[in-house]
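Student: model the following, please.
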Amino acid sequence: MWVRLAVFVCWLVLGGQGQDRASFHRSGDRTGRCQYTFTVDSPVESSCPSSIRGPEAENLSARLTLLEAVVSRVLGAEGLTEVAGEASDVQETRRLIQDKEQLDRQVQELRRRVEELTMETEKLREKPCPLVQADPTDGFGVMKGSGPVTNGEFQELKAELSELPAPAKVRENVQNNTGCGELVSVGEPETHQKADGITGKYGMWFQDPVATGRLYGPNTVWRINAVGKDVKELYAYENLEQLARGFPMKVVVLPEPVESTGATVYRGFLYYQRRRSPTLLRFDLASEKIVSRKDLPQAGFHGKYPYSWGGYTDIDLAVDEQGLWAIYSTDKARGAIVLSQLDPESLEVIRSWETNVRKNKVANAFMICGRLYTIASYSSKTTTVNYTFDTVSGKSKMLDVPFHNHYRYNSMIDYNYAKKKLYAWDNFHMVTYDVKLGGF
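Tutor: Numbers count the residues shown, from 1 in each chain. Just a heads-up that it's a prediction; the model follows:
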């Protein structure tokens, strides 16, 4: 393009008279430099005199000088552009080389860290886990969860389970089966009935440890199927035999719906949580009326702080030798289990304790002799009672008492201190466990 421009300028300088007689040549000299030569025929002279004189010579010389200046300027701009382009390419190449070297160093560092972690993992696998006392500041090092996942009308978690470490078993030679004591062992589950239909996948059942009414005695069995939008049906069976046969003696329709599987029966009353609220209700089984109601202060509800299996199990009511209890959590406790003893008539909180175990990291809990016990897994066939908290001393410790989820989905566990048994609802099945207690 620059050559064409030079020729065009030459044509302008020399004029139109000799444009058909001009010629342009480009060739290299002895040193390799490029030379441009323009030849223009004189329109009036047939031969060149020995020397050029006069205004025409001066005019021609001026035009040639101008042409040389134009050509030099054009060629100089092109050369500068090429040099600048080459310098830019060199800088970009250097930058890319530096980036590659930096990435190579990072890759080498990552490989080194992976090798170190792999070696550390192998070392940990070769030796057993040390026994570490739980720190109340970290709740077993478990991060606070954001709550369970809702699926349809009923909630169920399918997360991977994490079980807490535990020390050696309590020595068997301290066990006895009378009075209060620390839990030593849990027997094999005994199945009494299987629920029909999907509404019976989760549920609760119990016998009153202190039945005082004439209509319902200590052998009466109470049952609630917990799956559904509006759970209100309470089934009453004369005894365990009638439960096994599937013949209820009465079906009571509760005036307000039940939330999840945290209800219990005590002294002729059904205690339960009202659906989608922190309200506790005291229902008289004889008159079939609600006689007391009270909100549980600051309690999370409807999926905020459930057990690990979900099911809106935020508030779990329990009974033992010392009375009525509520197992739950609050925002202040950051998901750790809060344990409150309740007045069985007014439902007022008498006293509360904050534990150091996260509620959503245990499958279920129950009370025995003023002590809280938790289950590690709801679905593992062989799991453990892995933690206890003593309300008398305010101290906690880890346990390793074997526990069996025979049907692999345990959604409810309650203790009956009159019969020294645990009552559980395991994947449609109503089962009981014998327990043995030892000295404190």
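Student: what are the boundaries of the helices in the chain?
Tutor: With DSSP state H, the ranges of helices along the chain come out as 2-14, 55-126, 240-245.
Student: going by mean pLDDT, which of the ones you listed comes out lowest?
Tutor: Least confidently modelled of the helices of the chain is helix 2-14, at a mean of 54 by mean pLDDT.
Student: wait, residue 413 sits on residue 422?
Tutor: Yes - if you go by C-beta atoms under 8 Å, residue 413 and residue 422 touch, sitting 5.8 Å apart. No exception for glycine: its C-beta is placed from N, CA and C like everyone else's.
Student: mutual contacts of the two, please.
Tutor: Common contacts of residue 413 and residue 422 (C-beta atoms under 8 Å, 6 or more residues apart in numbering): residue 366.
Student: my guess is residue 232 meets residue 254, correct?
Tutor: Yes - the pair residue 232 and residue 254 passes the contact test of C-beta under 8 Å, sitting 4.4 Å apart.
Student: what pLDDT is listed against residue 26?
Tutor: So residue 26 comes in at 72 (pLDDT).
Student: where in the chain is pLDDT low?
Tutor: The model of the chain has pLDDT under 70 over residues 1-25, 29-30, 32, 36, 38-58, 60-61, 64, 67-88, 123-178, 440.
Student: which ones are touching the residue nearest to residue 227 when sequence neighbours are not counted?
Tutor: Leaving aside its chain neighbours, residue 227 sits nearest to residue 199 (4.5 Å; criterion: C-beta to C-beta, 6 or more residues apart in numbering). Taking C-beta under 8 Å, 6+ apart, we find residue 199 in contact with 225-228.
Student: ok, those residues vs residue 195, which is closest?
Tutor: Within the contacts of residue 199, proximity to residue 195 (C-beta to C-beta) peaks at residue 225, which comes in at 6.1 Å.
Student: what count of nearby residues applies to the closest one?
Tutor: Neighbourhood size, residue 225 [other C-beta atoms under 10 Å]: 23.
Student: those strands in the stretch 301-440 of the chain, which residues are they?
Tutor: 316-320, 323-328, 336-342, 349-358, 364-368, 371-375, 382-390, 396-404, 410-416, 421-426, 429-438 (DSSP state E, counting those that start in this stretch).
Student: and the third one, what does it pack against?
Tutor: Spelled out, it's strand 336-342. Applying 3 or more C-beta pairs under 8 Å, 6 or more residues apart in numbering; DSSP states H and E, one finds that strand 336-342 contacts strand 323-328, strand 349-358, strand 371-375.
Student: of all those, which one is nearest residue 92?
Tutor: Nearest of the helices and strands packed on strand 336-342 (C-beta to C-beta): strand 349-358, 54.7 Å.
Student: report the contact partners of the closest residue to residue 200 other than its chain neighbours.
Tutor: Nearest non-adjacent residue to residue 200, counting by C-beta to C-beta, 6+ apart: residue 225, 4.8 Å away. Residue 225 is in contact with 195, 197, 199-200, 202-203, 231, 233, counting by C-beta under 8 Å, 6+ apart.
Student: who is residue 225 paired with across the strands?
Tutor: residue 203 (DSSP bridges).
Student: between the contacts of residue 199, which sits nearest residue 295?
Tutor: Closest to residue 295 out of the contacts of residue 199 is residue 226 (21.6 Å), distances taken as C-beta to C-beta.
Student: so how many other residues sit close to the closest one?
Tutor: Neighbours of residue 226 (other C-beta under 10 Å): 24.
Student: reformat the contacts of residue 199 as JSON lines; add distance to residue 337.
Tutor: Shown next, in JSON lines, are the contacts of residue 199 (distance: C-beta to C-beta, whole Å):
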{"residue": "225", "distance to residue 337": "27"}
{"residue": "226", "distance to residue 337": "21"}
{"residue": "227", "distance to residue 337": "25"}
{"residue": "228", "distance to residue 337": "27"}
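Student: and which of the residues you listed is nearest residue 429?
Tutor: Of all the contacts of residue 199, residue 225 has the smallest distance to residue 429: 12.7 Å, by C-beta to C-beta.
Student: report the buried residues of stretch 209-220.
Tutor: By 16 or more other C-beta atoms under 10 Å, the buried positions in stretch 209-220 come out as 209, 211, 216, 220.
Student: oops, could you answer that again for stretch 179-194 instead?
Tutor: Of the residues in stretch 179-194, 181-186, 189, 192-193 count as buried by neighbour count, 16+ other C-beta under 10 Å.
Student: outside of that stretch, which residues touch it?
Tutor: 170, 172, 174-175, 200, 240, 243-244, 246, 321, 368-371, 373, 385, 388, 399, 401-404, 406, 422, 424, 426, 428-440.
Student: cutoff 6 Å now
Tutor: With C-beta atoms under 6 Å, 6 or more residues apart in numbering as the test, stretch 179-194 has contacts from 170, 175, 240, 243-244, 321, 368-369, 373, 401, 403-404, 406, 428-440.
Student: just the buried ones from these?
Tutor: 170, 175, 243, 368-369, 373, 401, 403-404, 406, 428-433, 435-438.
Student: so what's residue 192 closest to, chain neighbours aside?
Tutor: Among residues not flanking residue 192 along the chain, residue 430 sits closest, at 4.9 Å (C-beta to C-beta, 6+ apart).
Student: pull the contacting residues for that neighbour.
Tutor: Residue 430 makes contact with 192-193, 205, according to C-beta under 6 Å, 6+ apart.
Student: go with 10 Å
Tutor: Residue 430 makes contact with 189-195, 200, 203-206, 221, 223, 240, 243-244, 412, 423-424 under the criterion C-beta atoms under 10 Å, 6 or more residues apart in numbering.
Student: quick check: bridge partners of it?
Tutor: Beta-bridge partners of residue 430, as defined by DSSP bridges: residue 193, residue 425.
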